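Participant: Quick one, fold the following:
(one chain, ligands or ions: 1)
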Amino acid sequence: MAMTNSSVFKDDVLHDRVAIITGGSSGLGFGMAAAYQTLGAHVVLVGRDSEKLAHAKADLEPLGHEVLAFASDVRSYEGTTAVVDQVMQKFGRIDVLINNAAGNFHCPFEQLTPNGWRAVVDIDLNGTFNFCHASLIGLKQSKWGGRVINISLAQAASGWPGSAHAASAKAGVTALTRSLAVEWGPYAIRVNNILPGPIANTEGVKRLYEDRGQAEKELNRLCLDSFGHTDDIANAAVYLASEAGNFITGCDLSVDGGRWLKRAWV
Ligand code: HXC
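Facilitator: Residues are numbered from 1 along each chain as shown. Here you go, the predicted model:
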């Protein structure tokens with residue numbers, strides 16, 4: 001796993017922030033966790049696989065504070081409240097919530113089963129609901145103004161042949177982000193989307209493009225000439241959580257090499 005040992009940001013830019021990162025033990029989530037650790041945050045990982053969480057915790061702790069790791073499925077509201085309760089007992093606040101946990105697989109709509117649809121919508125959209133809903137009490141206590149960072153996708157707007165389930169779930173995430181930005185502005189809570197493009201060495205790129213021999217085609221959908229890196233998403237997540245993001249709420253931050261603009265499906 002790539003580790004972030006140096007950063008484009010000042011070392012203390014996230015000093016003392018309590019940050020929950022769902023799906024934090026691998027891929028984009030781990031990249032964000034590593035950046036947050038390096039920059040002074042107290043990182044809380046949520047994931048389904050205890051073993052992966054234990055490895056991530058061991059890799060991250062040398063970079064900063066103790067890492068809390070909870071084995072929980074974002075689809076469970078009870079599990080979510082149990083995580084939030086423990087974070088609140090330890091810190092009394094939540095400064096940043098990153099809803100990163102996601103599920104996806106390539107499947108044409110006519111072959112998709114109701115349970116396949118439900119699994120992805122439950123993880124991506126209902127999981128985001130669960131953590132937003134349960135975390136509000138903690139986000140209100142942040143002295144910096146709470147930050148919610150949701151991972152959505154430009155495909156929510158363009159549609160996504162072969163991933164209608166994920167595009168639909170992410171469209172819900174985008175709408176939730178915008179709704180909460182308005183409702184929670186009076187609490188000084190900023191709520192934003194990051195829209196990642198294809199990021200090298202992630203499960204998403206592997207299963208959606210590489211395993212299907214579609215990597216070259218996807219690359220040609222970008223304005224730039226290579227896939228992104230986990231650090232590209234991590235840097236955006238640091239920016240939004242830091243004081244540089246004080247006046248940003250309700251936005252879609254595309255970090256995708258221009259894929260949203262070019263994006264031909266053929
Ligand atoms: C068709 C499939 C399928 C596939 C699962 N299903 N994989 N259908 N093609 N490849 C169906 C199953 O048959 C089942 O329906 C239903 O989905 C639930 O499957 P389970 O395996 O029982 O569910 P579960 O164990 O909860 O797993 C959830 C999951 C899984 C979403 C299906 O893929 C997962 O855990 N993914 C997490 C990691 C991940 O997906 N990462 C990539 C994120 S990429 P039936 O009817 O048979 O019961 C991303 C965007 C990337 O978010 C953007 C790139 C640019």
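
Participant: all contacts plus neighbour counts: C-alpha atoms, from now on.
Facilitator: Fine.

Participant: Which positions in this structure make contact with the ligand?
Facilitator: Contact residues, the chain versus the ligand (C-alpha under 6 Å from any ligand atom): 102-107, 112-113, 115-116, 119-120, 197-198, 203-205.

Participant: Only the buried subset of the residues you listed, as a PyMOL command please.
Facilitator: To isolate the buried members of those in PyMOL, using 16 or more other C-alpha atoms under 10 Å:
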select buried, resi 102+103+104+106+107+119+120+197+198+203+204+205
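
Participant: Can you pull the poorly scored residue ranges out of this protein?
Facilitator: Of all residues in the chain, those with pLDDT under 70 make up the ranges 1-5.

Participant: So which residues of it form strands?
Facilitator: Along the chain, counting by DSSP state E, strands occupy 18-22, 42-47, 68-71, 96-99, 147-151, 190-196, 252-255.

Participant: Distance to Leu180 and mean neighbour count for the ones you listed - can I get that in TSV?
Facilitator: Listed next are the strands of the chain as TSV, based on distance: least, C-alpha to C-alpha, whole Å; neighbours: other C-alpha atoms under 10 Å:
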stretch	distance to Leu180	mean neighbour count
strand 18-22	18	26
strand 42-47	22	26
strand 68-71	26	20
strand 96-99	13	29
strand 147-151	9	27
strand 190-196	7	26
strand 252-255	13	20
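
Participant: Which of those strands sits closest to Gly127?
Facilitator: strand 96-99 (7.9 Å; C-alpha to C-alpha).

Participant: The closest one - contacts with which helices or strands?
Facilitator: Here strand 96-99 touches strand 18-22, helix 127-139, strand 147-151, going by 3 or more C-alpha pairs under 8 Å, 6 or more residues apart in numbering; DSSP states H and E.

Participant: picking that back up, which ones among the residues of the chain next to the ligand lie within helices?
Facilitator: Judged by DSSP state H, the subset of these located in helices is Asn115, Gly116, Ala119, Val120, Glu203, Gly204, Val205.

Participant: Pick out the most distant pair among those residues.
Facilitator: For those, the farthest-apart pair by C-alpha to C-alpha is Asn115 and Val205; their separation is 22.9 Å.

Participant: can you tell me how far the residue nearest to His106 when sequence neighbours are not counted sits from Asp225?
Facilitator: Spatially, and ignoring its direct neighbours in sequence, His106 is nearest to Gly162 (5.2 Å; C-alpha to C-alpha, 6 or more residues apart in numbering). Note on Gly162: its distance to Asp225, by C-alpha to C-alpha, to the nearest Å, is 24 Å.

Participant: Settle it for me: which of these two has more neighbours?
Facilitator: Gly162 (17 against 11; other C-alpha atoms under 10 Å).

Participant: which residues does Asn99 contact?
Facilitator: Counting by C-alpha atoms under 8 Å, 6 or more residues apart in numbering, Asn99 touches Ile21, Thr22, Gly23, Gly127, Thr128, Phe131, Val148, Ile149, Asn150, Ile151.
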